[in-house]
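*Asks:* model the structure of this input:
(one chain, ligands or ions: 1)
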Amino acid sequence: MNPEQLQGECVEVLQRLVRFNTVNPPGNERPAIEYLERYVSQAGFQTEILGATDERPNLVADLRGEQDGPTLCFLGHVDTVLADAAEWQHDPWSGDVVDGFLWGRGSLDMKSQVAAEAVAGVALARDGWRPARGTLKLVFVADEETGGDVGAQWLTTTHADKVRCDFLLNEGGGESFEYGGRRLYGVCCAEKGVFRFNVTAHGAAGHASLPRTGDNALLKLAPVLAKLADQPDSYEVTDGPAALLRGIGEDPADPAGAMARLGASEPRLRTLIEPMFGVTLTPTMASASGKINVIPSRAQVRVDCRVPPGLGEDAARRRIAQVLGEQTDGLSIEFTEEIEGNQSSVDSDVMRAIERWVRANDPGAAAVPVILPGFSDSRWFRDAFPDCTAYGFFPQRHQGILEAGPLVHNADERIDVRDLGFATGFFADIARELLG
Ligand SMILES: [Zn+2]
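*Replies:* Okay, here's the model as predicted:
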């Protein structure tokens, strides 16, 4: 396949996708899903549209081989977060290509990957390629940005047999970064868990005009906030982080030294990578008295806590004790949300295939495992299919993580069109490599 044709077709498909307004809520993904269904079925995919609701369906498309074998699934969501056109230089639903960039909401997260996956599958199928064994599956879903209730979560629980797969490629990795004189591509192998909690201080109410009456609970949170503002470093070097440190040429036994060197080479890189290595505690909400003239008897700060995969509440509690101290008299700490992280082994055929592809297509560069501090639809597939190897990977060579990262969910989201060609080539090559 001609790389320029692949890139041109991917640009066209992404423009079409950007022009469907799929801001979630409400999502309204049906027109985009129907467009993709026509596009891939014309090339020879067997398709099915499955939806919990009429307006918000999902697409499952299969290209089956002659013989049984593994199923490789390319996953993507077609919904987006909102966009305020007044804040943009180009209309967020224009899909215009200006100065080598395709502009629009979803151009990075993640209609671009949907387009590259679809174009790669279509180009292979149109050429007459079929898997020697197994199945190439495309799954394009609604409703990722608000949790997947009618998207990936719904599909994997109510139609598990239709989306079961051995290998899954989804969002969450692939933007390149430079370190140690090399270009590196993150392959997202794991996602952190969420262990949110409240810290509540107790006191006694009183009239605000007489500050020594009562016992002001809000003031008891002052030292808590000060400690959260000045947290000691803490690193949990589990398998994924260890593999990442080795991949970037650092010693897994010295994460603090690695972070210092990373920060010295590019502070923004440390900001992005350090949260992969430990439990993070981020206070985001607070409340106290309901009235300006009443001393609060109760005050609360809410903390968004993220825990590396493989670790649970114990690790969160250890970190809380480390930051707030063992003595938390008068404070109560209560977890409000506990979701463990999820991961796939860093040691797999898919990882080796990605590593080979990166070396062949960007000489001198390498692929390294990374951990997503947030989470994606991969968790539903890992939950439903424990043997599935799921990675986030959408290779971006020209627009690295420092350029692309800040544009996601932001104004002026746009993608370097050369990366659309680069990524489409990747999906076509990996399908041939894994399915023969
Ligand atoms: Zn996304």
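*Asks:* what bridges to F101?
*Replies:* Judged by DSSP bridges, the bridge partners of F101 are V98, D416.
*Asks:* burial count for it?
*Replies:* Counted by other Cβ atoms under 10 Å, the residues lying close to F101 total 21. To be clear about C-beta, it is placed using only N, CA and C from the backbone, and glycine gets the same treatment.
*Asks:* do I have it right that it meets V417?
*Replies:* Yes: counting by Cβ atoms under 8 Å, a contact exists between F101 and V417, whose distance comes to 6.7 Å.
*Asks:* which positions in stretch 131-144 come out as buried?
*Replies:* By neighbour count, with 16 or more other Cβ atoms under 10 Å as the criterion, the buried positions of stretch 131-144 are P131, G134, T135, L136, K137, L138, V139, F140, V141, A142, D143, E144.
*Asks:* now, those that are in strands?
*Replies:* Secondary structure assignment by DSSP state E places G134, T135, L136, K137, L138, V139, F140, V141 of those in strands.
*Asks:* I'd like to know how far the residue nearest the centre of the chain sits from the ion.
*Replies:* Ranked by distance to the mean C-alpha position of the chain (Cα atoms, centre = their mean), the top residue is G172 at 3.7 Å. When Cβ to the ion, to the nearest Å is the yardstick, G172 and the ion sit 8 Å from each other.
*Asks:* rebuild the buried residues of stretch 131-144 as CSV, extending it with distance to A116 and pLDDT.
*Replies:* Formatted as CSV, the entries for these read as follows, by distance: Cβ to Cβ, whole Å; pLDDT from 0 to 100:
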residue, distance to A116, pLDDT
P131, 19, 97
G134, 21, 97
T135, 19, 98
L136, 14, 98
K137, 16, 98
L138, 11, 98
V139, 14, 98
F140, 12, 98
V141, 16, 98
A142, 19, 98
D143, 21, 96
E144, 17, 96
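*Asks:* next, format those residues as JSON lines and append distance to the ion.
*Replies:* Listed next are the buried residues of stretch 131-144 as JSON lines, based on distance: Cβ to the ion, whole Å:
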{"residue": "P131", "distance to the ion": "27"}
{"residue": "G134", "distance to the ion": "27"}
{"residue": "T135", "distance to the ion": "24"}
{"residue": "L136", "distance to the ion": "22"}
{"residue": "K137", "distance to the ion": "19"}
{"residue": "L138", "distance to the ion": "16"}
{"residue": "V139", "distance to the ion": "14"}
{"residue": "F140", "distance to the ion": "12"}
{"residue": "V141", "distance to the ion": "11"}
{"residue": "A142", "distance to the ion": "12"}
{"residue": "D143", "distance to the ion": "11"}
{"residue": "E144", "distance to the ion": "5"}
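*Asks:* now the residue of the stretch 301-436 of the chain found nearest the ion. Nearest residue, chain neighbours left out?
*Replies:* With Cβ to the ion, the shortest gap between the stretch 301-436 of the chain and the ion falls at S376, namely 6.3 Å. The spatial neighbour of S376 that comes closest, neighbours along the chain excluded (Cβ to Cβ, 6 or more residues apart in numbering), is G172 at 5.0 Å.
*Asks:* show me what contacts N21?
*Replies:* Contact analysis of N21 by Cβ atoms under 8 Å, 6 or more residues apart in numbering lists N28, W93.
*Asks:* just the pLDDT for it.
*Replies:* N21 is assigned 98 on the pLDDT scale.
*Asks:* same question, G240
*Replies:* Note for G240: predicted pLDDT of 88.
*Asks:* swap in G330?
*Replies:* Confidence at G330, expressed as pLDDT, is 82.
*Asks:* quick one: the helices in the stretch 201-350 of the chain, in order.
*Replies:* In order along the chain, the stretch 201-350 of the chain carries the following helices (DSSP state H, counting those that start in this stretch): 222-229, 239-247, 255-265, 267-273, 313-324, 349-361.
*Asks:* and the last one, how far out from the chain's middle?
*Replies:* Okay, so that is helix 349-361. 21 Å (Cα atoms, centre = their mean, to the nearest Å).
*Asks:* check which helices and strands it is in contact with.
*Replies:* With contacts taken as 3 or more Cβ pairs under 8 Å, 6 or more residues apart in numbering; DSSP states H and E, helix 349-361 sits against strand 167-170, strand 182-191, strand 366-372, strand 389-392, helix 417-435.
*Asks:* what do you get for the third one?
*Replies:* Identification of packing neighbours for helix 255-265 by 3+ Cβ pairs under 8 Å, 6+ apart yields helix 239-247, helix 267-273.
*Asks:* tell me which of these is the most buried.
*Replies:* Of all the helices and strands packed on helix 255-265, helix 239-247 carries the top mean neighbour count, a mean of 22, counting by mean count of other Cβ atoms under 10 Å.
*Asks:* what parts of the stretch 51-200 of the chain come near the ion?
*Replies:* With Cβ under 5 Å from the ion as the criterion, the stretch 51-200 of the chain comes near the ion at residues D109, M110, E171.
*Asks:* so who does P25 touch?
*Replies:* Taking Cβ under 8 Å, 6+ apart as the criterion, P25 is in contact with T146.
*Asks:* let's test this: what are the backbone torsions at it?
*Replies:* The phi and psi values for P25, taken as degrees, to the nearest 10, are phi -80, psi 160.
*Asks:* and the pLDDT for it?
*Replies:* Each residue has a pLDDT score; the one for P25 is 96.
*Asks:* distance check, G51 against W154.
*Replies:* Here G51 is placed at a distance of 9 Å from W154 (Cβ to Cβ, to the nearest Å).
*Asks:* what residues are shared contacts of those two?
*Replies:* Common neighbours of G51 and W154 (Cβ under 8 Å, 6+ apart) are N58.
*Asks:* could you export the helix or strand bottoming out on mean pLDDT in the chain as CSV, CA atoms only?
*Replies:* Evaluated with mean pLDDT, DSSP states H and E, the helix-and-strand set of the chain has its lowest mean pLDDT in helix 239-247, which scores a mean of 92. Taking only C-alpha atoms (Å, rounded to 0.1, in the frame of the first residue of the first chain), the coordinates of helix 239-247 have been written out as CSV:
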residue,chain,number,x,y,z
ASP,A,239,6.6,-4.3,37.0
GLY,A,240,5.4,-1.6,34.6
PRO,A,241,7.5,1.3,36.1
ALA,A,242,10.5,-1.0,36.3
ALA,A,243,10.2,-1.8,32.6
LEU,A,244,9.7,1.9,31.8
LEU,A,245,12.9,2.9,33.7
ARG,A,246,14.9,0.1,32.0
GLY,A,247,13.4,1.3,28.6
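*Asks:* now the angle between strand 182-191 and it, please.
*Replies:* Compare the direction of helix 239-247 with that of strand 182-191 by axes from the mean of the first three to the mean of the last three Cα atoms, to 10 degrees and you get 170 degrees.
*Asks:* what's helix 239-247 packed up against?
*Replies:* Helices and strands touching helix 239-247, as assessed by 3+ Cβ pairs under 8 Å, 6+ apart, comprise strand 182-191, helix 255-265, strand 366-372.
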